[in-house]
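Visitor: any chance you could fold what I've pasted below:
(chains A and B)
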Amino acid sequence: MKTVLRSVVAIVCVLFCIVGFTGHGVAADNVLKMATTTSTDNTGLLDYLAPVFQADIGIELQWVAIGTGKALALGKNCDVDVLLVHAPSAEKVYVEKGYGTDRRELMFNDFVFIGPPSDPAGIKGQTVIDALATIISKKAPFASRGDNSGTHKKEIGLWKTAGIAIPDKDAWYIQTGQGMLNTINIAAERDAYTMTDRGTFIKYESNWKGTPPLVILVEGDSSLRNQYSAMAVNPERCSNVKYDLAKNFIGWMASDKAQKLIGDFRLMGKQLFTPNAK
Amino acid sequence: MDYLAGGFLKAVYLLISGDPETYTAVFTTLKVSSLSITASMVIGIPLGFLLGYYEFPGKRQVRAIVDTLLALPTVVVGLFVYAFISRRGPCGELALLFTIPGIAAAQTILVTPIIVSLTATAIESLDRRLKTTLLTLGARGKQIIITNLVEARYAVLVAAITGYGRAISEVGISMMIGGNIKWHTRTITTAIALETGKGEFAVGMALGIVLLSIALAVNGMLIFLRRRS
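Guide: Coordinates of the predicted model:
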């Protein structure tokens, strides 16, 4: 029994060494790990930019698309090197607390309210505040991201501006806890309203070949602006992060070439993001 | 219903045309599950042998624990392994989060109890006279272990195949530890979850077909081996 036990322990040790070793092998020097919001991934923007970035700078970009709240948390845990997110006020606090550094604004689009074309609650053309008040008074189904993402933070901010308590437990307020495109799909299945960034909505439209089951009802309000920024995870807190690569990436994203690529990224002839790096 | 048929046709097209995205997910799944099943067998077969062959105090309790672990929820394994291999965690230095070895390590925890339990059962169900026969023939140590395992080989293979089935079909660990990174840690199951959520059924269906084929092949082997043993 002892010999068996001893050999098992030995084998397990060897195995862990191998796994640990290959783990180091995978984390190669030219791989940059990024946590990002779902919209940059769902729309295909990153699939479009990453190969050009690799060809230009020789750095391979790997990303997890999970929403801004979780992305910021991953940075705080030192599990990624760089962040591409869209919650400016949360980002500023994040930098102040020393979790992130080198924050740079890169591009923007805007949020829109979408819903069934029949618009059962009648929010079409209203201001954001009125639309929210209408939705709550009619108890019209509304799908919320509910995942602490940038879009979710924005939505919470809008409820606050409207002076309405978030209908957390109401059955018509659907908190999906999922990415943007998933949430739009859930809204469509439930004939619900939802708020999305315009980029993801255009992607959704193009998935449906231009005839989506949900359409834009409220747009153009100045409070609906959606700013995207990149940030490096602070190397002073996280000694293991690849700060140089992260800085390279942020610089490249702000370069004239990448900014033009972002402006040229279109689906169904529509521009998804407007570059605005300074 | 059109989109279902359309999705199916596109799925077949994706498979025949060798769509790189689809096949990368397939190969990632095979890579991860092969790694984890190998590790699980290396750890699990000897432990299973110990548990099945020897009598020791507390054996029943150990057995009960191992059998409980058969129902280990993948998200719980994911949670614990994530906490351990996050940079903040005790094993953060290994840099395993969002890598294939990371998923494999977590799947190993999931699959090992299956191998241990089924191997133990296989050894227990061998003829009790085998032990005395081997002893009277002068077999010692290693010889006894090897002869026992050879006698129980089909049942041990069944354990391995069952474990493999668990590894290829789980989604919780792959999603939490792997992060569903395109071209790197996106497996068949995480890709299906992603594509369904995005409303793009064709890719999901193509991958579903592959996963079912793998499961079918694996189960085919299982049935074949059951018949032989």
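
Visitor: any regions of the chain where pLDDT drops low?
Guide: The chain I'm using is chain A. Filtered on pLDDT under 70, chain A yields the residue ranges A:1-28.

Visitor: wait, chain B
Guide: B:1, B:229.

Visitor: which positions in it make contact with chain A?
Guide: Residues of chain B found near chain A (CB under 8 Å from any CB of the partner chain) are B:39, B:42-43, B:46-47, B:49-50, B:54, B:56, B:86-88, B:92, B:94-102, B:104-105, B:141-142, B:145, B:179-182, B:184, B:197-200. Just so you know, the C-beta spots here come from the backbone N, C-alpha and C atoms, and that holds for glycine as well.

Visitor: just the buried residues of these.
Guide: B:39, B:42-43, B:46-47, B:49-50, B:86-87, B:92, B:94-102, B:104-105, B:145, B:179-182, B:184, B:197-200 (16 or more other CB atoms under 10 Å in any protein chain shown).

Visitor: now residue 114, nearest residue through space, not along the chain?
Guide: Answering for chain A, as no chain was given. Leaving aside its chain neighbours, A:Ile114 sits nearest to A:Leu214 (4.5 Å; criterion: CB to CB, 6 or more residues apart in numbering or on different chains).

Visitor: please refer instead to chain B.
Guide: B:Gly163 (4.5 Å).

Visitor: burial measure for the closest residue in space to A:Ser223 that isn't next to it in sequence, as a count.
Guide: Distances taken as CB to CB, 6+ apart put A:Val128 closest to A:Ser223, at 5.8 Å, once the chain neighbours are dropped. Neighbours of A:Val128 under the rule other CB atoms under 10 Å in any protein chain shown: 21.

Visitor: can you check A:Asn109 too?
Guide: Other residues close to A:Asn109 by other CB under 10 Å number 23.

Visitor: which strand or helix spans it?
Guide: strand A:100-115 (DSSP states H and E).

Visitor: list the buried ones in that strand?
Guide: For strand A:100-115, burial by neighbour count (16+ other CB under 10 Å) applies to A:100-103, A:105-115.

Visitor: widest-spaced pair of those?
Guide: A:Thr101 and A:Gly115 (40.0 Å; CB to CB).

Visitor: you'd agree B:Gln143 is up against B:Leu135?
Guide: No. The pair B:Gln143 / B:Leu135 is not scored as a contact, 10.3 Å apart, by CB atoms under 8 Å.

Visitor: shared neighbours of these two, anything?
Guide: When CB atoms under 8 Å, 6 or more residues apart in numbering or on different chains defines a contact, no residue borders B:Gln143 and B:Leu135 alike.

Visitor: who in the stretch 51-200 of chain A is up against chain B?
Guide: Checking the stretch 51-200 of chain A against chain B by CB under 8 Å from any CB, the hits are A:62-66, A:77-79, A:178-179, A:181-182, A:185.

Visitor: inside strands: which ones of these?
Guide: Those of these mapping onto strands are A:62-65, per DSSP state E.

Visitor: just the buried residues of these.
Guide: Among those, the ones that count as buried by 16+ other CB under 10 Å are A:62-65.

Visitor: which one of those residues is nearest to chain B?
Guide: A:Val64 (3.9 Å; CB to the nearest CB).

Visitor: buried set for the biggest helix by length in chain B?
Guide: In chain B, with assignment by DSSP state H, the single longest helix is helix B:20-53. Using 16+ other CB under 10 Å as the test for burial, helix B:20-53 gives B:21-22, B:24-26, B:28-29, B:32-33, B:35-37, B:39-53.

Visitor: next one: stretch A:30-40
Guide: Going by neighbour count (16+ other CB under 10 Å), the buried part of stretch A:30-40 is A:32-40.

Visitor: just the C-alpha atoms of that stretch, please, in PDB.
Guide: C-alpha atoms of stretch A:30-40 as PDB (Å, rounded to 0.1, in the frame of the first residue of the first chain):
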ATOM      1  CA  ASN A  30       4.300  38.500 -26.700                       C
ATOM      2  CA  VAL A  31       0.800  37.700 -25.600                       C
ATOM      3  CA  LEU A  32      -1.300  40.600 -24.200                       C
ATOM      4  CA  LYS A  33      -4.300  39.600 -22.100                       C
ATOM      5  CA  MET A  34      -7.200  42.000 -22.200                       C
ATOM      6  CA  ALA A  35     -10.600  42.100 -20.400                       C
ATOM      7  CA  THR A  36     -13.200  44.000 -22.300                       C
ATOM      8  CA  THR A  37     -16.900  44.900 -22.600                       C
ATOM      9  CA  THR A  38     -19.100  42.600 -24.600                       C
ATOM     10  CA  SER A  39     -19.900  45.200 -27.300                       C
ATOM     11  CA  THR A  40     -16.300  45.400 -28.700                       C
END
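
Visitor: any figure for the gap between A:Pro51 and A:Ile202?
Guide: 21 Å (CB to CB, to the nearest Å).

Visitor: ok, A:Ala162 next?
Guide: 26 Å.

Visitor: which parts of the stretch 151-278 of chain A are helices?
Guide: Taking DSSP state H, counting those that start in this stretch as the criterion, the stretch 151-278 of chain A carries its helices at A:180-189, A:198-207, A:243-254, A:256-264.

Visitor: for those helices, give me TSV that also has distance to B:Thr189.
Guide: TSV is the format used below for the helices of the stretch 151-278 of chain A (distance: least, CB to CB, whole Å):
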stretch	distance to B:Thr189
helix A:180-189	16
helix A:198-207	22
helix A:243-254	30
helix A:256-264	32
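
Visitor: distance to B:Ala5 and mean neighbour count added to these, as CSV?
Guide: Output for those, formatted as CSV (distance: least, CB to CB, whole Å; neighbours: other CB atoms under 10 Å in any protein chain shown):
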stretch, distance to B:Ala5, mean neighbour count
helix A:180-189, 20, 23
helix A:198-207, 18, 23
helix A:243-254, 42, 20
helix A:256-264, 36, 15
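
Visitor: which of those sits closest to B:Tyr3?
Guide: helix A:198-207 (11.0 Å).

Visitor: what distance do you get for the closest residue to A:Ser144 other than its chain neighbours to A:Ile166?
Guide: Spatially, and ignoring its direct neighbours in sequence, A:Ser144 is nearest to A:Gln175 (5.0 Å; CB to CB, 6+ apart). When CB to CB is the yardstick, A:Gln175 and A:Ile166 sit 10 Å from each other.

Visitor: all strands of the chain, in order?
Guide: No chain in the question, so chain A it is. A:31-36, A:60-65, A:82-85, A:100-115, A:142-144, A:173-175, A:193-197, A:215-218, A:225-233, A:266-267, A:270-271, A:274-275.

Visitor: can you get me a residue count around A:Leu45?
Guide: Neighbour count of A:Leu45, defined by other CB under 10 Å: 23.

Visitor: what residues sit buried inside stretch A:222-237?
Guide: For stretch A:222-237, a neighbour-count test (16+ other CB under 10 Å) marks A:224, A:226-235 as buried.

Visitor: where exactly do the helices run in chain B?
Guide: Per DSSP H, chain B carries helices over the ranges B:2-16, B:20-53, B:59-69, B:74-85, B:100-124, B:129-136, B:141-151, B:153-169, B:172-173, B:188-198, B:201-228.

Visitor: out of the ones you listed, the one nearest A:Lys260 is which?
Guide: When the helices of chain B are compared by CB to CB, helix B:20-53 sits nearest A:Lys260, at 26.8 Å.
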